[in-house]
Structures are given as C-alpha cells and as structure tokens.
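# Structure of the sequence below:
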Amino acid sequence: MSHPFLPRPGRLARHMLLPAAAAICLILLAGCGHKAPGAEAAVPVIALPVKAVDGAVAARFPGDVHARYEMPLSFRMAGRLVARNVDPGDRVKQGQVLAQLDPADPSLQLAYAKATLDAAEHRLLFATQQRDRDQAQFKQNLISQLQWQQTQDNYAAALAGRDQAAQQYKLAQSTTLVADHDGIITSRQAEVGQVLAAGQQVFGFAQSGEREVYVDVPESRVGGIAIGQPATVNLPALPGHSYTARVREIAPAADTQSRTYLVKLAIDHADASLELGMTADVALQAGNTVDDMISIPATALFHQGEHPAVWVVNPDDSKLALRPVTVTRYGERDVLIGTGLKAGERVVMQGVHAVSAGEKVTPIAPPHAEDAPQ
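Got it, this is the predicted structure:
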C-alpha cells in the first residue's frame, strides 16, 4: 500500500520525462538557428566593368621630318669637278644638270673605252666568221662536235665582251651629274676643283613627295611598337596642324652609339608645309586597333611575381580569378592594358591584396564618384 503523501509510480515516471523532453526541444531549436554548413558568405569588393578607350596614347617621342627617299648623288667616273650648279636648299627638277666634270680628264678614259670597244667588235667579227665556217663543216661531218662547241663558246664570249665594252664606252661619256627626280639638295660634299673618285658623294638629295618622321626609341620600349601602329604628329613650327601617320619601318638593330632603335613613320597626306628637318612630337597610339585597349586605375593592378595581373569577377558564380595582362603604358593614376582584358568584364578596382583566387564576392561601387574609372 502506497503512502498517501508520495506520488504513485506511474506519475513519478511522467514527472521525470517532462524536463528531459523540454531540454531536447531547446537543443533542436538552437540548432535550427545556425546556417547550413555548405553556404558561403560573399565578401563585398569594389569591382566595376572596364571600358575600351578611344585614341589612347601608348608612348610619346620627339622626332624630325625626313623625305621618304633620301640618297647621295655622285658621278659614275673619276675626274676633277669644274662646275657646281646647285647649293643646299635648292629645289631641282628631273633632268636638271647639277655638276660637271672636266672633260679633259675623262678624255683618256674615253679614248681607252673607245679602243676597247673597237677591239671587242673586231673579235666578235672574227668569231662570227669562224662560227659560220665551222657550222657548215660540222653539217658535212668535217669537224668534230667538240671543235664545233668550242667555236660556239668563242662566239658567245666575243659577243659578251663587245656588249661590256659598249657599256664602258657609254659610261665614259658621262661627265655631267643629272637629277633623276624632282627634289631638294640637302647637303654638299664636294667643292669646285676637287678631284673625285668614281662613286664619291657630291650632293645629298631628298626626293619630293612622301614625307616621314624619324624617332629614336630606347631598347626598353621598342618591344611595344609594331609595324602599322597609328600615330599623331604635331610640329611646333606649324601650330594647329596635326598629321596622322603609321609606323613603316623599325630598325632591326640598335645604333652602336646611342643604343636606340630608329623607327620611321610614314605621314598620311603630307603637304608642302612640311619642311625637311622640322622637329615633331610623335604620339604613338596604343596598338594597331585602339578599341582593344583597356584603361584601369593603378590601384587595380596586381603583380603575380614579376608579371602584372588583375582580379576578374566571374559573371556566373561571382568568384575571383587572377588573370595575367600586358601593360602598354603606366600613367600617374591609370594603367593602359594591351592584352588580357575585354570591355565589359568586371575587375576589382581597390583592395587587390586583400582578396584571393576562388573567393566569392559581391561587387559594389566605390564610395566616392571620383574613384570610378573614366
């Protein structure tokens, strides 16, 4: 028989189970407040889409104006200079006589050339007669085939000797220096009375027509210049005038003295106001196609070892990827990217050293409008 003041056994068991069930519910409710283990929190970063630049200047160099064709003028034979009809700066026409050698000096050369020509013509005449005789005898099998071949060889040699002597005789008669094209005399290297050797320069000559600009590029920057690259040319002597040009030639080797590379730019639509020797300011545009150039703030550039790179936000999963790029120009506040980026891609603009590859981010705008790339 149970005591009247003590609970019955069934009621005692129920009283003991109630606190335990309450504790289990509290634990389950507390667990429901935590996030799922697989969820990943996105980190806010300042990232904006990049844009292609228009007319970006990759490099700027001083230069000077030259003619497309510049050449030395000289006599093709030796002699004493007796007349000089032009001076530096004179404009000449095609066929104009520029200088004259003393006819008395080449007279002996002319006589020698004439005698050589006469001898060559005599040998050719004899070789022709011998060929005709041996040809008739060869047809009658009176001479061997070897003798007939020797006769043909002698005739061919005599004919070539006559032609050579004729050219030498014609050359010996050239005692005047004549302009081959319209142009301007740029320099003078001989004076009246001077004895000249054959081929010795007498004048410097610049042909009329096309004009170019020469620039000397340091070896550390020549790698960023390519054939066909566009440029803008401004001349202090012609304020308000601007010319378009393109890189036509890059020297294959550096100058031994200055260790710079000569780059020649062909000027489009050159006019008469472009005088030889004018100083020029050459602004090379960024690459052959400027539309591919991307400008980013200097704070967006990250260096992976010695190689430049940027953090790009993947549009599919908003995760970061480090992408190598090539820098065409470093500015005070911005960097011009040549390859590696496309317009519209979202790039981390600030805090590039506080993020990591594969990290999920939430792109946000910079707090100040002036920090946004232009």
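# average pLDDT for the host helix or strand of Pro308?
If you go by DSSP states H and E, Pro308 is part of strand 307-313. On average, the pLDDT along strand 307-313 is 92.
# Write down the beta-bridge partners of the residue nearest to Gly79 when sequence neighbours are not counted, one by one.
Among residues not flanking Gly79 along the chain, Leu101 sits closest, at 3.6 Å (Cβ to Cβ, 6 or more residues apart in numbering). Quick note: C-beta positions are derived from backbone N, CA and C, even for glycine. In this entry, Leu101 is beta-bridged to Leu81, by DSSP bridges.
# pretty sure Gln137 belongs to a helix, no?
Yes: using DSSP: H, G, I helix; E, B strand; the rest coil, the assignment for Gln137 is a helix.
# my guess is it meets Gln145, correct?
No: between Gln137 and Gln145 there is no contact under Cβ atoms under 8 Å: 11.5 Å.
# So those two - more neighbours on which side?
Legend: neighbour count by other Cβ atoms under 10 Å for Gln137 and Gln145, higher for Gln137 (14 against 9).
# Tell me how far the more buried one lies from Arg131.
Per Cβ to Cβ, to the nearest Å, Gln137 is found 11 Å from Arg131.
# returning to that earlier point: which outside residues touch the strand holding Pro308?
45, 47, 296, 300-303, 319-327, 335, 337, 340-341, 345-348, 352, 355, 361, 363 (Cβ atoms under 8 Å, 6 or more residues apart in numbering).
# do that again at 7 Å, thanks
If you take Cβ atoms under 7 Å, 6 or more residues apart in numbering as the criterion, strand 307-313 is touched by 47, 296, 300-303, 320-325, 327, 341, 345-348, 352, 355, 361, 363.
# Run me through the strand neighbours of the helix or strand that that strand is followed by, direction for each.
As assigned by DSSP H and E, the chain's next helix or strand after strand 307-313 is strand 320-324. Its sheet considered, strand 320-324 pairs with strand 307-313 (antiparallel) by DSSP bridges.
# Would you mark the buried spots in the strand it pairs with?
For strand 307-313, burial by neighbour count (16 or more other Cβ atoms under 10 Å) applies to Pro308, Ala309, Val310, Trp311, Val312, Val313.
# Could you do stretch 352-360 as well?
Val352, Val355, Glu359.
# okay, these in a markdown table with pLDDT next?
Listed next are these as a markdown table, based on pLDDT from 0 to 100:
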| residue | pLDDT |
| --- | --- |
| Val352 | 90 |
| Val355 | 89 |
| Glu359 | 90 |
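# Dump these into a markdown table; add distance to Thr244 as well.
As requested, those are exported to a markdown table (distance: Cβ to Cβ, whole Å):
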| residue | distance to Thr244 |
| --- | --- |
| Val352 | 37 |
| Val355 | 42 |
| Glu359 | 46 |
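# from these, which is closest to Phe205?
Val352 (57.6 Å; Cβ to Cβ).
# Report the beta-bridge partners for the nearest residue to that closest one once chain neighbours are set aside.
Spatial nearest neighbour of Val352, chain neighbours left out: Phe302 (4.4 Å); criterion: Cβ to Cβ, 6+ apart. As for beta bridges, Phe302 partners with Ala309 under DSSP bridges.
# isn't Phe302 right next to Gln350, touching?
No: at 11.3 Å, Phe302 and Gln350 do not qualify as touching, with contact defined as Cβ atoms under 7 Å.
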